[in-house]
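Participant: how does the following fold in three dimensions:
(2 chains)
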There are 2 protein chains.
Amino acid sequence: MDIIVQKYGGTSVGTLERIRRVAKRVVAAAEEGKSVLVVVSAMSGETNRLVGLCSEASLAHNGREYDVIVSSGEQVSAGLLAMILNDMGSPALTLLAHQIPVLTDDTHGSARIKDIKTDVIKKRLAEGFVVVVPGFQGVTEGGDITTLGRGGSDTTAVALAAALEAEVCEIYTDVEGVFTTDPGLCADARKLGKISYDEMLEMASLGAKVLQTRSVEFARKYSIPVLVRSSFTDSEGTLVTMEDEDMEKVVVSGITYERDEAKISVVGVPDRPGIAARIFKPLTDAGINVDMIVQNIGTEASTDLTFTVSESDFDEAMTITKATASEIKAADIVGDRDISKVSIVGAGMKSHAGIASKTFTVLAGEGINIEMISTSEIKISCVVESKYMELAVRVLHKAFGLAHEPLV
Amino acid sequence: MDIIVQKYGGTSVGTLERIRRVAKRVVAAAEEGKSVLVVVSAMSGETNRLVGLCSEASLAHNGREYDVIVSSGEQVSAGLLAMILNDMGSPALTLLAHQIPVLTDDTHGSARIKDIKTDVIKKRLAEGFVVVVPGFQGVTEGGDITTLGRGGSDTTAVALAAALEAEVCEIYTDVEGVFTTDPGLCADARKLGKISYDEMLEMASLGAKVLQTRSVEFARKYSIPVLVRSSFTDSEGTLVTMEDEDMEKVVVSGITYERDEAKISVVGVPDRPGIAARIFKPLTDAGINVDMIVQNIGTEASTDLTFTVSESDFDEAMTITKATASEIKAADIVGDRDISKVSIVGAGMKSHAGIASKTFTVLAGEGINIEMISTSEIKISCVVESKYMELAVRVLHKAFGLAHEPLV
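Facilitator: Residues are numbered from 1 along each chain as shown, chains lettered A, B, ... in the order given. Purely as a prediction, here's the structure:
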C-alpha cells in the first residue's frame, strides 16, 4: 500500500470553500492510486474561540477538561472534510483519536505521543477510504482526551506517517515553503527546494512559522520526508529530509532571526562548580526558557555569565536572577532588552572553514557590533543591537549568495 | 451509593453565567451527600450552528460524519461545567460516550441505546467526583460516534439513571413543569405536581415541549421517577412517575392540543380486507406520519376512511392518497388543512364513565362541531375546526375543574 499523509492547517480549512479546495487536492492524490490519510487542524479562529471560552469559564487551568473542549475544533473540521469528500465521490471517513487509538501520556495540553496503532487505519485505507484524522488530539490509556499543544497537528501528521511508514508527509500551509530568509525583510529571499531536518530545526523562528519544531524532531527520528507546501498555489514547496551530498555543497541555507530577545549578564560570578546550576535552576522552575548562554573566562577567581531569554520573560527573569546574584555574591547584574539574534544556518558549514570569520567581517563592515556569539555544527548565532537586526539579515543574505540561484 | 442524575438543557447552559448557576445547583446536591451525575445539552444555538455547517458543507446527508460534528457541542458544554465545578471546589470530571461507554446501534442521527456500562462511572462517583456526561451522544461497538436525535439528552439522562439505578432523574429546563394546559391559552392553567408516564406520553405536544417522548418511554420501562423542573427558579416541578392511587382520583389531568393538523377523507372505499394497508403503506414509505385514523361503517359494500397528518405533510399526503384512491376505485377524496386536535388526558378516566359524553356536551354547548373522535384508555381526542381550538381548550379546562386546586 502506497500511503501518503497530508496535513492541512487552520487557514487551509478556514471556510467551507477552502475545505472544498482541500478536498480536490485529496481526491487528486487518491486518483493517482495513493492511499491517503488526511490530518486537519481546526478551522482558523476556532481554537482561539474555544480557548477563550475556557479562560472565561475558569481562572484555574483544568488541563483535562481544557483538552475535552479545545479538541472539539478539529473534530468538526475533520467531519466536514469527510462529508465533502464523499460528496465528491471519494469514499472517506473520520477516525478520532480514541478510535485509532493515538495513545499519549497524560500531560494535558502538551501530551507526548506514546504509541499509534495502525490496524484500524490500514483496514479502512485498504477498503478504499480516505481516512481523515483530527490533528492535535490523542487519548490516554484510560481514554481521556489529550491535546499535543499548539501546532500539534503537524506532530500528529508526522507521527501517523511514521507509524504507517508513509512515503511522504505533506504539510499544507499558507506559505509556499521554507525561504532563505524572511521575504518581508529581504525582497530577494528565495524558497529552498530541500532542507535537512537539522537545518530546519536550526532555522528557529523562520522554520517554526512553517512547521512545528516537535514535528521536525519526530520526522528526523523516523526519517519521514516532509514536504511543506502551500494549499493555495501549485508551487512545489520545500522538502525537509535527511542530509544528502547535494546539501553539503550548499554551505549556507538561510539566515534566520529572533527579534524579541533580551540579554542578562551576571558580572563577577565566583568561579566555582555548580554556580551555573544555581543561576539557571530558578529560571527553569519558573518556566522561563533560556536561549543562548555564554560564559567568558574572567580574571582571577571570577567570571561573567551572559544569557538570553525571550523579551516577554525579561522582567521576571531579572527579578529571579537578581535574587540569585545576591545569594551567590556576584558583583553586578546588567540587563538589556534591546537586542536581537541573527543566525546563519547551513548543513554544509561543518565541512567549510571560514564561515564564522566571514560572518564577523561582513557585520563589522557595516559597523554592527556583535554582543554575543554562539555556534553549533550547522549554525552561527550573533546577538546584535535590535536596530541593526534587519540590516544584518540583508547583508548576510547577500554575502552568502543566497539570492542568486536555486540551491538544489 | 445514593445516586441522582441531573440533566440541564441548552437554555440552562446557554451562557457561562448560566453554567455557573447550574454548577451551584450541582454543588448543593453534592453537599447533601448525593453522588451526582450531570448530563448536559449543547449551549443553546450551538447545535443549530453545527447542523447549519453540515447542511452548508454537503447536500447529501452523511450520518456518520454529521454525528462526529454535531456531538462536539455537548462535549464543549460538559467540559465547561466540569471546569467551573472544580473552580467551586467540587471535584468533577467529564466522561465522554466512548469512555463509559454508552453503546448504541449504528443508526446515525437517531441511534438507539443498546447498553450502558456503569463500572467507570461508579468508580469515579465513589472517588467523590461529580461526573459530567455530554448528552445526546453514544458510540457504536466500533467506537464511531452516534447521536440520539434532537432532544436526545433527555434520553441519555434517563438511560443513565436506569443503568445506575438512580433515585431520581431531574430534568432542568426553561419551563416549571407540566401544566394542565398551555398557560399561553388559559391564564388559569396550573402546574401539575405529579403525572403518570402514560399521561405524560398522551400529553403529546404539551408534554413534548418539556420532555422528549422517547425518554418518557425509557423512564416508564425502567420505572425511573423523572422530576421536571426549571433551572431558573426554585419551583418544585412535576414528578413523572408510576400511576398511583392518588392519580386515579384525578379524573382529568390536562387538556392538550395540536394546532398544525390536516385531515384527509377517502370516501366510498370498497370494503375489502387489505384496503387500509393499500392506503397507508405508500404514506409510511414516504415517511409521512399518520396520527388519528377513523373508519366509518358505510352503506352497502363501501366505507369512508378519514385520517390526520401534520399540516406540513398535507400536500404530499394528498398527492399520494389521490393516486391510491384511483387505484382502489374509491369514490372521492376530500382534504381539509384547517383543523386542530384537542385532547383530554387523565389516568383516572378509565375508571370513570361519562368523560366522553361530558366532553361532547361541553363542546356542543359552545356550538363547536366535532369532526373526528378517537379515544384511548386515558385520552379522548376531538378534531375541530382550527378557529374553535382555543375556545375548546378553555371551556374543557374549566369544565373539568382543572383551574381550581392543586391536583396532588
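
Participant: SS state for A:S326?
Facilitator: Following DSSP: H, G, I helix; E, B strand; the rest coil, A:S326 is assigned to helix.

Participant: what is the burial count for it?
Facilitator: Other residues within reach of A:S326 by the criterion other CB atoms under 10 Å in any protein chain shown amount to 10. (C-beta placed from N, C-alpha, C; glycine too.)

Participant: for chain B, see how far away it is.
Facilitator: A:S326 sits 38 Å away from chain B, going by CB to the nearest CB, to the nearest Å.

Participant: next: A:K322.
Facilitator: For A:K322, the distance to chain B equals 35 Å [CB to the nearest CB].

Participant: list the buried residues in whatever helix or strand that residue lives in.
Facilitator: Element membership for A:K322, per DSSP states H and E: helix A:314-327. Neighbour-count burial for helix A:314-327 flags A:F314, A:A317, A:M318, A:I320, A:T321, A:T324, A:A325 (criterion: 16 or more other CB atoms under 10 Å in any protein chain shown).

Participant: by how many degrees do the very next helix or strand once past it and helix A:314-327 diverge?
Facilitator: Once helix A:314-327 ends, the next helix or strand along the chain (criterion: DSSP H and E) is strand A:332-345. Orientation check (axes from the mean of the first three to the mean of the last three CA atoms, to 10 degrees): strand A:332-345 against helix A:314-327 gives 130 degrees.

Participant: who are the packing partners of strand A:332-345?
Facilitator: The elements that strand A:332-345 packs onto, with contact taken as 3 or more CB pairs under 8 Å, 6 or more residues apart in numbering or on different chains; DSSP states H and E, are helix A:197-202, strand A:254-270, helix A:314-327, strand A:379-385, helix A:389-399.

Participant: for the helix holding A:K322, which outside residues touch it?
Facilitator: A:262, A:264, A:266, A:278-279, A:282-283, A:286, A:288, A:309, A:332-333, A:335, A:337 (CB atoms under 8 Å, 6 or more residues apart in numbering or on different chains).

Participant: again, 7 Å this time
Facilitator: With contacts defined as CB atoms under 7 Å, 6 or more residues apart in numbering or on different chains, helix A:314-327 is touched by A:262, A:264, A:266, A:278-279, A:282-283, A:286, A:288, A:309, A:333, A:335, A:337.

Participant: again with stretch A:225-237
Facilitator: A:8, A:12, A:22, A:158, A:168-178, A:210-211, A:219, A:238-241.

Participant: buried ones in it?
Facilitator: Neighbour-count burial for stretch A:225-237 [16+ other CB under 10 Å]: A:P225, A:V226, A:L227, A:V228, A:R229, A:S230, A:S231, A:G237.

Participant: also stretch A:108-125?
Facilitator: For stretch A:108-125, the buried set under the neighbour-count rule, 16+ other CB under 10 Å, comprises A:H108, A:G109, A:A111, A:I113, A:I116, A:I121, A:K122, A:R124, A:L125.

Participant: which one of the residues you listed is nearest to B:G149?
Facilitator: Nearest to B:G149 out of the buried residues of stretch A:108-125 is A:R124 (CB to CB; 26.5 Å).

Participant: what strand or helix carries that closest one?
Facilitator: With DSSP H and E as criterion, A:R124 is part of helix A:119-126.

Participant: hmm, the following helix or strand past that helix in reach of chain B?
Facilitator: With elements assigned by DSSP H and E, the helix or strand that comes after helix A:119-126 is strand A:130-134. No: Strand A:130-134 lies apart from chain B when judged by CB under 7 Å from any CB of the partner chain; the minimum separation is 8.6 Å.

Participant: got the contact list for the nearest residue to A:S386 once chain neighbours are set aside?
Facilitator: Closest residue to A:S386 apart from its sequence neighbours, by CB to CB, 6 or more residues apart in numbering or on different chains: A:S340 at 4.7 Å. A:S340 is in contact with A:Y257, A:E258, A:R259, A:E261, A:V384, A:S386, A:M389, counting by CB under 7 Å, 6+ apart.

Participant: A:S340 pairs with what?
Facilitator: A:V384 (DSSP bridges).

Participant: look up how far chain B lies from it.
Facilitator: Counting by CB to the nearest CB, the separation of A:S340 from chain B is 39 Å.
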